[in-house]
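Peer 1: predicted model follows, preceded by the sequence.
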Amino acid sequence: MSEILSQAEIEALLASLSAEEGSVGDFAAPVAAPVGGGTSVSRKPISYEVYDFRRPDKFSRDQLRTLQMVFETFARLCSTNLATYLRTPIHIELISLEQIPYEDYLRSLKQSAFIVFSAPPLSGEAVLEMEFALVFTMLDRLLGGVGKPVERTAFTEIEKPLVLALAERMLMAYRSAWESILQVDPKIETLETSAQFVQIAPPSDIVITVLMEARFGDRRDAMSLCVPHMVIKPITPRLSSQNWVSSAGKRTTPMLRRMLTQHLHRTAVTCHARLGKTRMRLSELLQLKVGDTLMLDTPVNGKIDLLAENRVKFRGKPAVRNRRLVVAITDVVSED
């Protein structure tokens, strides 16, 4: 049975409808009345985000933050390793981290050296890219120069092993950077000088690209890392900031201790044997000529000093072995 509204109830209902229309009338677009005499309804604007189906996001924001911390650690450790190896300051800084199609990464590259490497137990390959100017600057320093770049885009057979040796030091930093998430064992697969021969992923696959800047003296050169999404996919559940912080807190001390030990063991120390000493006037020094004899303070059968970085550390006796002069260490000099 239908209910009949009173006149007062009808007026109250009309007044409420008029108030609602007045509050949204300035914002809502007019909607045409539907065919057939139905009631028209105004709809509110719908918020949305632009999504690029060609560049889908494979990693969440939290996972990207964790990857950024991993590669910031890599840049810092890489700076330390190369500075120790080249015996000169070098600073590597992370500039950006993105997830883009592999073909976009290849298009962004200039003429560079490419170190293709694997990182078991992860399957697949990644690539470490360095501009030729940076590589030749490091090679010049490694060979005793002051660190001048060479305008070339290819390596000689002598230079290739030296480039691989530099890459080995950098991959040691890569291994240490991942320790808080996974124990990896990076291995160099090949050295290339053209991007067309670096096929670590299909062109449309998403990769993580890490752009870095290397400051070497007055020079600033670019280098990058490219890791396909499919390589990291098996360990994405571990890529959380909370997991990174908790794991890093447990392993920081052993990792740093091991790194310091490795750096100390690779540090070059200059040693030399001192047969003896003597004193003379400057006038006597100026009159020295070939054939003159100097009287030293070491007896014929006495011990001579063995110095490390100009500090006496051992004493021993000179001898000959395999037609070469040697020193047989007999005593260790205490720090006291």
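Peer 2: Happy to help now that I have it. Note that the structure is a prediction, hence the values are computed from the model and not measured.
Peer 1: how does this protein divide into domains?
Peer 2: 61-266, 271-332 (automatic domain parsing).
Peer 1: tabulate those in a markdown table, adding columns for mean neighbour count.
Peer 2: For the C-beta atoms, the positions are set from N, CA and C on the backbone; glycine is no exception. Shown next, in a markdown table, are the domains of the chain (neighbours: other C-beta atoms under 10 Å):
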| stretch | mean neighbour count |
| --- | --- |
| domain 61-266 | 17 |
| domain 271-332 | 11 |
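Peer 1: Serialize those to TSV and add fields for distance to residue 9 and mean pLDDT.
Peer 2: Shown next, in TSV, are these (distance: least, C-beta to C-beta, whole Å; pLDDT from 0 to 100):
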stretch	distance to residue 9	mean pLDDT
domain 61-266	54	86
domain 271-332	102	88
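Peer 1: distance to residue 11 added to these, as JSON lines?
Peer 2: Shown next, in JSON lines, are the domains of the chain (distance: least, C-beta to C-beta, whole Å):
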{"stretch": "domain 61-266", "distance to residue 11": "55"}
{"stretch": "domain 271-332", "distance to residue 11": "102"}
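Peer 1: what's the closest of these to residue 10?
Peer 2: domain 61-266 (54.9 Å; C-beta to C-beta).
Peer 1: pull up the distance across the closest one, start to finish.
Peer 2: From its first residue to its last, domain 61-266 covers 39 Å (C-alpha to C-alpha, to the nearest Å).
Peer 1: same deal with stretch 275-293?
Peer 2: Taking C-alpha to C-alpha, stretch 275-293 runs 14 Å from one end to the other.
Peer 1: repeat that for stretch 170-189.
Peer 2: Start-to-end, stretch 170-189 (C-alpha to C-alpha) is 14 Å.
Peer 1: how about the helices in the protein?
Peer 2: 7-24, 61-86, 102-107, 132-142, 159-177, 229-232, 241-266, 282-286 (DSSP state H).
Peer 1: can you tell me the closest non-neighbouring residue to residue 202?
Peer 2: Once flanking residues are discounted, residue 202 sits nearest to residue 102: 6.8 Å by C-beta to C-beta, 6 or more residues apart in numbering.
Peer 1: residues touching the one you found, list them.
Peer 2: Contact analysis of residue 102 by C-beta atoms under 8 Å, 6 or more residues apart in numbering lists 200-207, 226, 228.
Peer 1: identify the farthest-apart pair in those.
Peer 2: Maximum pairwise distance in those, criterion C-beta to C-beta, is 14.7 Å, between 204 and 226.
Peer 1: the closest residue to residue 326 other than its chain neighbours and residue 154, how far apart?
Peer 2: Leaving aside its chain neighbours, residue 326 sits nearest to residue 319 (5.3 Å; criterion: C-beta to C-beta, 6+ apart). Distance, residue 319 to residue 154, using C-beta to C-beta, to the nearest Å: 48 Å.
Peer 1: repeat for residue 235
Peer 2: Taking C-beta to C-beta, one finds residue 235 at 37 Å from residue 154.
Peer 1: Throw the contacts of residue 102 into TSV and include distance to residue 77, thanks.
Peer 2: Compiled in TSV, these are given as follows (distance: C-beta to C-beta, whole Å):
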residue	distance to residue 77
200	23
201	26
202	31
203	32
204	33
205	28
206	26
207	22
226	19
228	22
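Peer 1: just these: which are in strands?
Peer 2: Mapping those onto strands (DSSP state E) picks out 206-207, 226, 228.
Peer 1: could you redo those residues as JSON lines and give each row distance to residue 130?
Peer 2: Output for those, formatted as JSON lines (distance: C-beta to C-beta, whole Å):
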{"residue": "206", "distance to residue 130": "23"}
{"residue": "207", "distance to residue 130": "17"}
{"residue": "226", "distance to residue 130": "12"}
{"residue": "228", "distance to residue 130": "19"}
